[in-house]
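Here's my sequence, what's the structure:
(one chain, ligands or ions: 1)
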Amino acid sequence: MAVLSRLLRATASASRGMTTLAPEAGVRYPTGLAASKIGSAAALGRVDPAERNVQWVFLGCPGVGKGTYASRLSQLLAVPHIATGDLVREELSSSGPLSEQLAAIVNQGKLVSDEIIIDLLSKRLENGAAKGESGFILDGFPRTIRQAEILEGVTDIDLVVNLKLREDVLVEKCLGRRMCSQCGGNFNVASISAKGENGRPGMYMPPLLPPSHCMSKLITRADDTEEVVKERLRIYNDMSKPLEEFYSSRGKLLEFDLPGGIPESWPKLLEALNIEDSDNKQSAAA
Ligand SMILES: Nc1ncnc2c1ncn2[C@@H]1O[C@H](COP(=O)(O)OP(=O)(O)O)[C@@H](O)[C@H]1O
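Predicted coordinates for the structure are as follows:
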């Protein structure tokens, strides 16, 4: 993993203005970095899947529940859940040199530059490697084709789970999101009941309420206003949707339509992933 983080950083910093089209797999390599060089360097970051934990990516629109399901799966599979949005928010709250620049971008719903994101991700991977972490579930990265190409240049992704939810529900879910300012727990106060229409079934998503000791400490993300959520959805459709085709053409995409809230969806997701966990199925449905 330490090797992987170094490779990510090196690839990103060399990739400003990437235009060279490598013959194999249609992957564009950074100009100034020969494909053969990155190819052999990338091999260092490629460990036989049998000798490491899973390396998965979660895709999905803002508010779909990537964080919730990726975090549950990471506990079940004992791999770190790495959410680049969390890394950005940590940097924002640290009042470090980047925080003002980041706040302006994030609060408008725009994407942070690849260089900044890869730097934050590399640091996170380095810290994890120092603690002996293996494997990951990435949430919020990659978010553009260029990020996916950089990732593909340095390591193998085993599976990409694309969570899908009807669009009319997504804004409501984002507006209901709350976080406990003390324990960092994520909750949702929205009680969503969407009518069935045009052949699609109705949907009920119960709120995910915090325990009483978190109730008075709930905060709302600055980028979860209606205007910014709509902008984030627009940017997702523009910049991140093409990733579905990118991974589907590589035979890595698992599409999963969320049938409802967590009690209904979690057991079905485990089934789709072929993961046996009867204890957790019961506790999730509780
Ligand atoms: N891979 C990334 N590339 C660029 N910007 C990112 C990336 N991941 C997170 N961000 C920034 O952090 C913000 C919050 O990310 P996240 O929590 O993943 O949002 P969402 O709930 O919309 O999926 C994004 O709107 C964007 O500004």
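
Show me what from the protein comes close to the ligand.
Residues of the chain that fall close to the ligand, judged by CB under 6 Å from any ligand atom: 62, 84-85, 88, 105-106, 109-112, 117, 140-141, 143, 147, 223, 232. Heads up, the C-betas are built off the backbone N, CA and C, glycines and all.

pLDDT-wise, which helix or strand of the protein ranks last?
strand 20-21 (a mean of 31; mean pLDDT, DSSP states H and E).

pLDDT weak spots in this structure?
Scanning the chain with the threshold set as pLDDT under 70 gives 1-3, 7, 10-45, 278-286.

all strands in it, in order from the N-terminus.
Here the chain has its strands, by DSSP state E, at 20-21, 28-29, 55-59, 81-83, 136-139, 159-164, 177-180, 186-188, 192-194, 203-205, 218-219, 253-257.

Sort out for me which of the residues of the chain next to the ligand are in helices.
T84, G85, V88, I105, V106, I117, Q147, R232 (DSSP state H).

What's the ChimeraX syntax to select whichever of the residues you listed are buried?
In ChimeraX, this line selects whichever of those come out buried by 16 or more other CB atoms under 10 Å:
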select :84,85,88,106,117,147,232
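
Go through the ones in helices among the residues of the chain next to the ligand and say which is closest to the ligand.
G85 (2.0 Å; CB to the nearest ligand atom).

I figured that closest one hits G140, correct?
Yes. Using CB atoms under 8 Å, G85 is in contact with G140, at 4.6 Å.

List the beta-bridge partners for the residue most central in space within the chain.
By CA atoms, centre = their mean, the chain has its centre lying nearest to D139, at 1.5 Å. Applying DSSP bridges to D139 gives these bridge partners: F58, A83.

Surely it touches A83?
Yes. Counting by CB under 8 Å, A83 is a contact partner of D139 at 4.2 Å.

which neighbours do the two share?
K66, G67, A70 (CB atoms under 8 Å, 6 or more residues apart in numbering).

which of these lies closest to L98?
G67 (22.0 Å; CB to CB).

burial of the closest one, as a residue count?
19 (other CB atoms under 10 Å).

wait, doesn't it sit right on I137?
No. Applying CB under 8 Å, one finds G67 not in contact with I137, separated by 10.4 Å.

For the two, list the residues in contact with both.
H81.

What sits closest to G176 if chain neighbours are left out?
A190 (2.5 Å; CB to CB, 6 or more residues apart in numbering).

dump the residue contacts of that neighbour.
A190 touches E172, K173, L175, G176, M205, P207, counting by CB under 8 Å, 6+ apart.

State the distance from the first one to V160.
Between E172 and V160 the distance is 26 Å, computed by CB to CB, to the nearest Å.

The two: who's more crowded?
In this view E172 and V160 are compared by other CB under 10 Å, and V160 has more residues nearby, 22 against 18.

The more buried one contacts S249, doesn't it?
No. With contacts counted by CB under 8 Å, V160 stays clear of S249, the gap being 11.4 Å.

Now for the residue nearest to the centre of the chain: which residues touch it?
Taking CB under 8 Å, 6+ apart as the test, what D139 contacts is F58, K66, G67, A70, H81, I82, A83, T84, G85.

Counting neighbours, what do you get for Y236?
There are 21 residues near Y236, going by other CB under 10 Å.

what does the one 3 residues further on give?
Under the neighbour criterion other CB under 10 Å, M239 is assigned a count of 15.

nearest spatial neighbour of it, skipping sequence neighbours?
Using CB to CB, 6+ apart, the nearest residue to M239 is T144, at 5.0 Å.

Correct me if wrong: the one you found contacts D238.
No. Look at T144 against D238 with CB under 8 Å: they stay out of range, at 9.6 Å.

ok, those two, which is more surrounded?
Shown here are T144 and D238; by other CB under 10 Å, T144 has more neighbours (19 against 11).

In helices only, show me the shared contacts of D139 and A83.
Per DSSP H, the shared contacts of D139 and A83 map to helices at K66, G67, A70.

got the contact list for the last one?
Which is A70. F58, H81, A83, I137, D139.

Just put the ones in helices among the residues of the chain next to the ligand in JSON lines and tack on distance to L4.
Compiled in JSON lines, those are given as follows (distance: CB to CB, whole Å):
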{"residue": "T84", "distance to L4": "15"}
{"residue": "G85", "distance to L4": "20"}
{"residue": "V88", "distance to L4": "20"}
{"residue": "I105", "distance to L4": "26"}
{"residue": "V106", "distance to L4": "25"}
{"residue": "I117", "distance to L4": "15"}
{"residue": "Q147", "distance to L4": "14"}
{"residue": "R232", "distance to L4": "28"}
